[in-house]
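Participant: predicted model, plus sequence, below.
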Protein chains: 2
Amino acid sequence: MAQKPSIPKGTRDFTPSEIAKRNYIFDTIKKNFQTYGFQPIETPSFENSETLLGKYGEEGDRLIFKILNSGDFISKVDDVTYSSKNSTSIAPKITEKALRYDLTVPFARYVVMHQNELDFPFKRYQIQPVWRADRPQKGRFREFFQCDADVVGSDSLLQEVELIQLYDGVFSDLKLEGATIKMNNRKILAGIAEVIGAKHLLIDFTVALDKLDKIGEDGVKKEMLAKGISEEAIEKAAPLFEPQGSNVDQLNRLDNLLKDSEEGQKGLEELRFIMETISTLGLQSAKLAIDVTLARGLNYYTGAIFEVSAPEGVAMGSIGGGGRYDDLTGIFGLKDVSGVGISFGLDRIYLVLEELNLFPEAVDKSLDVLCLNFGAKEALVSLKLVTELRKRGVMSDLYPSDVKIQKQFKYANNRKVPYVILLGAEELENNSFVVKYMESGDQITYALSEVDKFVATLA
Amino acid sequence: MAQKPSIPKGTRDFTPSEIAKRNYIFDTIKKNFQTYGFQPIETPSFENSETLLGKYGEEGDRLIFKILNSGDFISKVDDVTYSSKNSTSIAPKITEKALRYDLTVPFARYVVMHQNELDFPFKRYQIQPVWRADRPQKGRFREFFQCDADVVGSDSLLQEVELIQLYDGVFSDLKLEGATIKMNNRKILAGIAEVIGAKHLLIDFTVALDKLDKIGEDGVKKEMLAKGISEEAIEKAAPLFEPQGSNVDQLNRLDNLLKDSEEGQKGLEELRFIMETISTLGLQSAKLAIDVTLARGLNYYTGAIFEVSAPEGVAMGSIGGGGRYDDLTGIFGLKDVSGVGISFGLDRIYLVLEELNLFPEAVDKSLDVLCLNFGAKEALVSLKLVTELRKRGVMSDLYPSDVKIQKQFKYANNRKVPYVILLGAEELENNSFVVKYMESGDQITYALSEVDKFVATLA
């Protein structure tokens, strides 16, 4: 009895058409990464467990896929652990490797291992799949690609400026106009916590603030109170809940709020430099907006924080995010290497382009020419012709057997082939071939020696 | 105490230069796959265990990486199995998924699952990593890419012809001239086994014969004897051990040897058709050679068998292989779908190109222009210039801080940047920039408005 095949939940097969569209996005991102001077690296799909565990919090550890040791793995488990029947204690004894959970920790590991070969500042990009044992849901998969660009070894704010330009470049090339790049700075958040007297509750404060667009002002205040932030402190933070207004309005409001916080002023100065430089350079199609409620896994970032939202009217979470982190490689023993990076959310960008109908029309064209098969003799000459077309880079095929012509035409239609070649007995005799231009229905006869003439008619 | 980072044995980090070279090979293969009408698919990195297990023999099952179930995996093991402490019995209870071991079985699974959406003949290519818990050694890794092209749903021998042309096209584009495409046919091997009276020992016979170039004539004969093939049978097979000679010599010799085997004659007829058609069409740079000792995992193939060896003088195993298999999808319930395919050995092709110095010179160029940084004011104008260059697709960078110019030049040298731009106080005043052409040492001054003039000088 044959198996009825299936794939693991949360994973996907990709059809040729889906791959063509995904590659359109990947190639656009890659081209921009490269013109911005980023270089590609790749790391193994699995890392030693100790490289990954403990880097993503308790939930992360649980969601990391672990690979069972080969051979007699049970023999490595001591009797006490074995008889505990405790999965949590047994897992580390029978697994040594784990699937990549993101691209950032492997990148930090790479930088530390290769530090003597690298030229700093090192600008790397990396486009590879990651795996998470998350509960699958719409738009969330257990295997998905991340596209990251990071610079390590420079604390210049020009990097932040460049990364904003890079976002703008990619989204403009994708014709995805009107994306909003939201920006904040951890130092501003820390400054606010300081001036309202909640410095020791910085994380709670920002985690709550980050939910403003989800749970509203009342929800945020309620959560802050519950976390022990006083009514008085929340009152002082009132400007955060006002309608955000223009970037200039916000800078002024923050300037006022943060006048007694050195750290806050430092953050404001960074924000202002980036805003002003971008305003001098101009953006092609994206908007840059200050958003003081933006936090994104704050304990990670130390300076700028970015998040990109799709154009208004498209219901989609963020399509990109990033920020500056001052001690990424410290966990692997290399201190004082500042880094800043951004990431593109491939799956969501795909959905947005699909929704707005922004994929180029011919993006998934897979065949220019199909030559029909009229029998052994004709097929041999047809194959010669197809060989010539292929040498000229034309995606061409000969139908492999001389089944009914109707069936061959159906195949051509299904594959959306724009040009069908007919080379039957008559053409064989005349050393010619007929091209049927499928859209117009026109048929034109060429001599076999006129391959170049035909190729010149291809769009 | 920071961890000293490492990666699992048998896996690799890839540097920017290595990735550039690998992509050169991947892109060449992909371009050819596409001009031959193949379409890309991708399948998940892990499959349900039952999709993979039992498909690669006992050794394969052992070498498949299994993924530990999430959560309280021990609770799913029944007491009897648990107390056995037997790794082989416990493994299937605590793992449900396994990493892809090759691209062929997932492809068969894909075809069966998507049969109603596919247009047959379906020509697919797939370039993805696979994982094997093999003992790592030179040129053998636990994670490596496979590049496969297969056609399913056509038993036309024109497919075999095309696949030979495809090999030739790829190796010619890579300038790897003189590769030899060796060809055999399982029906010929079966015919020989039949006429020498060893039909029931076909596998043993061909496994031994396949080792001719490794263990020599005496070794092969000894192994055949050990497997129960009679001296008399081996005597009859003598023509196989003669120097192979030209393709015509071999066809004649086989014709004689196989005159009483219907299956053998069928194989010979197929071989002859393919040879003659290829000879009519011509090959660009590869050679096509009959090799009756070629078997390659015979129980898999049912018709043509291919293997490609690197040009003479390069000590390297096969750099590609493939063949026809008549019942690939049968294991998943779809009968009578014939397939034929070939595969490219990326890692070995890489080593051959490296050894023969065939990578294009600028293949790993990562930056066209580096603009030096002379301070905040100059940097802002420089960044404008760099922005203009990037818009024109020039890979450009601004050094992010105004460290000593000597250090910045060193960075330019390390990254092999051909053009360095200097925009200091004087240029700032004159609205100009100086380009240093690093190879010649020439310096040319351009006005800031002459970006296009400068870009025109780039190779």
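Facilitator: Okay, I see it.
Participant: can you check the pLDDT for residue A:300?
Facilitator: For residue A:300, the pLDDT comes out at 77.
Participant: actually residue A:295, not the one I wrote
Facilitator: 86.
Participant: show me what contacts it?
Facilitator: A:184, A:189, A:206, A:207, A:209, A:210, A:305 (Cβ atoms under 8 Å, 6 or more residues apart in numbering or on different chains). C-betas here are computed from N, CA, C, even on glycine.
Participant: helices or strands up against the helix or strand containing residue A:151?
Facilitator: Here residue A:151 sits within strand A:143-152, counting by DSSP states H and E. Counting contacts by 3 or more Cβ pairs under 8 Å, 6 or more residues apart in numbering or on different chains; DSSP states H and E, strand A:143-152 packs against helix A:16-35, helix A:104-113, strand A:122-131, helix A:158-173, strand A:339-344, helix A:346-355.
Participant: tell me which of those sits nearest to chain B.
Facilitator: Across the helices and strands packed on strand A:143-152, chain B has its closest neighbour in helix A:16-35 (3.6 Å, Cβ to the nearest Cβ).
Participant: how about whichever residue of the stretch 101-250 of chain A sits closest to chain B: what's its closest non-neighbour residue?
Facilitator: For the stretch 101-250 of chain A, the residue closest to chain B is residue A:156, as judged by Cβ to the nearest Cβ, at 3.7 Å. Closest residue in space to residue A:156, ignoring its immediate chain neighbours: residue B:400 at 3.7 Å, by Cβ to Cβ, 6 or more residues apart in numbering or on different chains.
Participant: next one: phi and psi at the one you found?
Facilitator: For residue B:400, the backbone dihedrals (degrees, to the nearest 10) come out as phi -70, psi -10.
Participant: could you list the buried residues of stretch A:351-371?
Facilitator: A:351, A:352, A:353, A:356, A:359, A:364, A:366, A:367, A:368, A:369, A:370, A:371 (16 or more other Cβ atoms under 10 Å in any protein chain shown).
Participant: and the furthest pair within these?
Facilitator: A:352 and A:371 (38.7 Å; Cβ to Cβ).
Participant: what is the burial count for the residue in the stretch 201-350 of chain A positioned nearest to chain B?
Facilitator: For the stretch 201-350 of chain A, the residue closest to chain B is residue A:333, as judged by Cβ to the nearest Cβ, at 3.3 Å. By other Cβ atoms under 10 Å in any protein chain shown, 13 other residues sit near residue A:333.
Participant: tell me who's in contact with residue A:240.
Facilitator: Taking Cβ under 8 Å, 6+ apart as the test, what residue A:240 contacts is A:192, A:209, A:292, A:293.
Participant: change it to 6 Å
Facilitator: residue A:292 (Cβ atoms under 6 Å, 6 or more residues apart in numbering or on different chains).
Participant: run the chain-centre distance for the helix or strand bottoming out on mean pLDDT in chain A.
Facilitator: Ranking every helix and strand in chain A by mean pLDDT, DSSP states H and E puts helix A:202-209 at the bottom, with a mean of 88. How far helix A:202-209 lies from its chain's middle: 27 Å, per Cα atoms, centre = their mean, to the nearest Å.
Participant: near chain B, which residues of the stretch 1-150 of chain A show up?
Facilitator: A:2-3, A:5, A:7-8, A:11, A:13-14, A:16, A:19, A:34-35, A:37, A:39-40, A:42-45, A:48, A:65-68, A:70, A:72-74, A:85, A:87, A:95, A:97, A:109-110, A:112-113, A:119, A:121, A:133, A:143 (Cβ under 6 Å from any Cβ of the partner chain).
Participant: one more: the stretch 301-450 of chain A?
Facilitator: A:332-333, A:366-367, A:387, A:390, A:395, A:397, A:400-401, A:411, A:414-415.
Participant: the residues you listed: which two are farthest apart?
Facilitator: A:333 and A:401 (63.2 Å).
Participant: domain-wise, how is chain A divided?
Facilitator: Structural domains assigned to chain A are A:11-179+A:310-364, A:187-287, A:369-457, following the TED database.
Participant: pick the most deeply packed of those domains.
Facilitator: Across the domains of chain A, the average number of neighbours (mean count of other Cβ atoms under 10 Å in any protein chain shown) peaks for domain A:11-179+A:310-364, which reaches a mean of 19.
Participant: now do that domain: distance to the chain's middle.
Facilitator: For domain A:11-179+A:310-364, the distance to the chain centre is 8 Å (Cα atoms, centre = their mean).
Participant: rounded mean pLDDT for it, please.
Facilitator: 95.
Participant: quick one: end-to-end length of it, please.
Facilitator: Start-to-end span of domain A:11-179+A:310-364 (Cα to Cα, to the nearest Å) is 22 Å.
Participant: all good on my end, thank you.
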